[in-house]
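A.B. asks: Mind looking at a prediction? Sequence and model below.
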Amino acid sequence: MAGIAAPNSCVAAGAEVAEAIAEIMGVKIEAKEPDIARPGCYFGVQDADTKYIYNGLDDCRAVALLGGGMKVCTIGCLGLGTCAKACPFNAITMGPEGLPVVVEEKCTGCGTCERVCPKHIINLSSITRRIMREYTDEECTTPCQRGCPAGINIREYIRQITLGNHQRSVQIIKERNPFPAIIGRICPRPCELDCRRNFIDEPVAINYLKRYAADFERQSGERTLPYKAPSTGTNIAVVGGGVEGLSTAFFTARLGHDVTVYEAGPKLGGLLRSAIAAQRLPEEILDWDIDGILEMGVKAETGKALGGDITIESLLRKDFKAIFLATGGWDSRMVRGAVNEIESPVPGTYMMVDLLKLAGGSEIFSGQPDMVIFGGGKLALQAAKICQDAGAEKITILFREDLPHSPITDLDVSESGLAGLDIIYNAGIQRLRGMADNLTELEYIDTRTRATTTIPAQNLVIASGRFPELIFLQIEPPDDEAEEPDKPTEYPLNWEAFAPYKQPAFKDEVGLFADGDVLADYSAAIKAIGAGRRAAVSLQQIIYGIEPALIEKVITPHSVIQDVHDVEDVATSQRRIMPICSGKELAVCGEIERGFSDEMAQSEASRCLQCGLICYEHSALPAPAQEKESVNV
């Protein structure tokens, strides 16, 4: 016996056997979240478009050999119950619609059904899997779901509203969105642009229904919290209490880690507290959603500015496994009334606007020899001149552009009078490294060849309106700095910083400040929520020794996905309009928009076509079907 496998690794044995094995091995059983089989198809063969009638072996694997099966949908369930027959625990039955139904109490997560399904529409699911999940072109996704920056399961939360299960609806929303009441009021609703009802009338009021469910939760006074993985005992720090930082904290806490948020301002919420009128987003709504995040176990400390009250070194010495930086930049300084203050949350790193405003440069760095400037076009030369006058000995300018598209010319460089200036093109910053509270070097990547180069850097000036989202980790010191017997135990701490993985639409981009990266401010809070979840997933990957990366076959705007371009046999239905308070009523209402009533919500939710990949609900009798060829095997 090697003693490597966990005592509860045999899912079929059950808790009692696992405890007995643990006692024999002399080890403890760690809490483990359950894996449950989840079918991913919503329309049975009788409700879907089919290519032929099958009269052969009663096995999905057999019919899959005939052109992928009888369904027009290339990934749809074939309905012959191979998964149910294969399940050794009788946890799967075939429902009246010809789709597998999982009895969760019986499911052990053995994965047999997943292995035998030829269409891969039934998969093991857990809290961690759901949070880390990115949608692929091999699963049933809806147009609205793909259009949502947070990836909310829209069809299901609307279905729960039609069933009157409002708390369940909120729980589904919170699987991907910790701010349902806030987003239900301010979202620009990109999902509604992709709603299939646009083919016949108007989109479903998806966001108004989200607000309805969230308001139901708040008015009931009963908080609905999504499921949370067992505690890992790992400490994570999140710096920045805006939408992205709080979202990262929320999802990281759900993954079982202990999270503390540090916010420079007096309250959590970031721009939401100052950039949106109270009539659009009342403060009590903001506080309600934020309190929900804290109730997930997230701790918060306000009035703590990184680079001042706290530092990267001080946090890493507090036994935080990793630090996620989501401080924003100029936007957060405006909120706190600190536009005239120079802030450097990332050691040795400053925004170019601060350097240009000072014109002296000595207040930013004190005689450090190696200076790197990233981006900025011709302003980079102006910044370089300031740095050289302040004592910088070696200045390197990095541009993401190639030489033919360079924002500066040789004439610009010669006229600047700068000596010993290095300009590197096709360069994207990949990693920062430092010791204690000082930057020491950075690694950049050639965006063409993907080769990496490390250069010394005591200061970095970035031509961006915000600091990049970064993950900080403690790293082992170089060999010549390793601890010696007569050396103090608290020698300077070494760290490195890098970005979470990119959003799917820009998955092939590399380095900081790439296409798709936010350089000023998020255009919508819902996008910041999606970025926060990706940051939490990146942290999870790092904790378990995995390089942050997207999965294969993730859906991007360039993915070829089976779809429909019109709908048939669907009756038109008028969209419900959000009721508005008049000027006289506003003092009583407190909000411009009143919200849907129960009747309005039910009526609007019933307009949802409950789409699948290409399937959708029909509301009228279909036209006579053409006779299909019968295939006998």
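C.D. replies: Sure, I can see it. Numbers count the residues shown, from 1 in each chain.
A.B. asks: what about this structure, any weak spots by pLDDT?
C.D. replies: Counting by pLDDT under 70, the low-confidence segments of the chain come to 1-31, 359-367, 477-491, 519-521, 620-633.
A.B. asks: which SS state does the residue nearest to residue 294 when sequence neighbours are not counted fall under?
C.D. replies: Nearest non-adjacent residue to residue 294, counting by Cβ to Cβ, 6 or more residues apart in numbering: residue 300, 6.4 Å away. Any C-beta I mention is one placed from the backbone N, CA and C, and that applies to glycine too. When classified by DSSP: H, G, I helix; E, B strand; the rest coil, residue 300 comes out as strand.
A.B. asks: For the closest residue to residue 279 other than its chain neighbours, give me its contacts.
C.D. replies: Of all residues not flanking residue 279 in the chain, residue 592 sits nearest, at 4.9 Å (Cβ to Cβ, 6+ apart). Contacts for residue 592 (Cβ atoms under 8 Å, 6 or more residues apart in numbering) come out as 279-280, 580-581, 586.
A.B. asks: could you redo the last one with a cut-off of 10 Å?
C.D. replies: Residues near residue 592 by Cβ atoms under 10 Å, 6 or more residues apart in numbering: 185, 277, 279-280, 578, 580-583, 585-586.
A.B. asks: Repeat that for residue 346.
C.D. replies: 306-307, 312, 325, 327, 432, 434, 439, 460, 462, 467-468, 470, 472, 497.
A.B. asks: Run through the bridge partners of the residue nearest to residue 294.
C.D. replies: residue 261 (DSSP bridges).
A.B. asks: begin at 30 from here
C.D. replies: Sure thing, new numbering starts at 30, so read that last one as residue 329.
A.B. asks: how much distance is there from the helix or strand harbouring residue 413 to the middle of the chain?
C.D. replies: Under the criterion of DSSP states H and E, residue 413 resides in helix 408-418. Averaging C-alpha positions (Cα atoms, centre = their mean, to the nearest Å) puts helix 408-418 37 Å from its chain's average.
A.B. asks: Same check on stretch 428-442?
C.D. replies: Relative to its chain's centre, stretch 428-442 lies at 35 Å (Cα atoms, centre = their mean).
A.B. asks: For that stretch, buried residues please.
C.D. replies: Buried positions in stretch 428-442, judged by neighbour count with 16 or more other Cβ atoms under 10 Å: 428-429, 437.
A.B. asks: about what we covered before: and the residue nearest to residue 308, how close does it get to residue 213?
C.D. replies: 14 Å (Cβ to Cβ, to the nearest Å).
A.B. asks: same question, residue 438
C.D. replies: 51 Å.
A.B. asks: number of nearby residues for the residue nearest to residue 323?
C.D. replies: 20 (other Cβ atoms under 10 Å).
A.B. asks: If you rank the contacts of residue 621 by neighbours, which is first?
C.D. replies: Neighbour max across the contacts of residue 621 (other Cβ under 10 Å) = residue 214, 24 neighbours.
A.B. asks: residue contacts, it?
C.D. replies: 208, 236-237, 239-240, 243-244, 305, 309-311, 314-315, 620-622, 624.
A.B. asks: Now a ChimeraX select for only the buried ones of the residues you listed.
C.D. replies: Those of the contacts of residue 214 that count as buried under 16+ other Cβ under 10 Å are selected in ChimeraX with:
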select :208,236,237,239,240,243,244,305,310,311,314,315,620,621,622,624
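A.B. asks: Among the contacts of residue 214, which are located in helices?
C.D. replies: Using DSSP state H, 236-237, 239-240, 243-244, 314-315 are the members of the contacts of residue 214 that sit in helices.
A.B. asks: Adding distance to residue 192, write the residues you listed out as JSON lines.
C.D. replies: Output for these, formatted as JSON lines (distance: Cβ to Cβ, whole Å):
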{"residue": "236", "distance to residue 192": "20"}
{"residue": "237", "distance to residue 192": "18"}
{"residue": "239", "distance to residue 192": "16"}
{"residue": "240", "distance to residue 192": "18"}
{"residue": "243", "distance to residue 192": "17"}
{"residue": "244", "distance to residue 192": "18"}
{"residue": "314", "distance to residue 192": "26"}
{"residue": "315", "distance to residue 192": "29"}
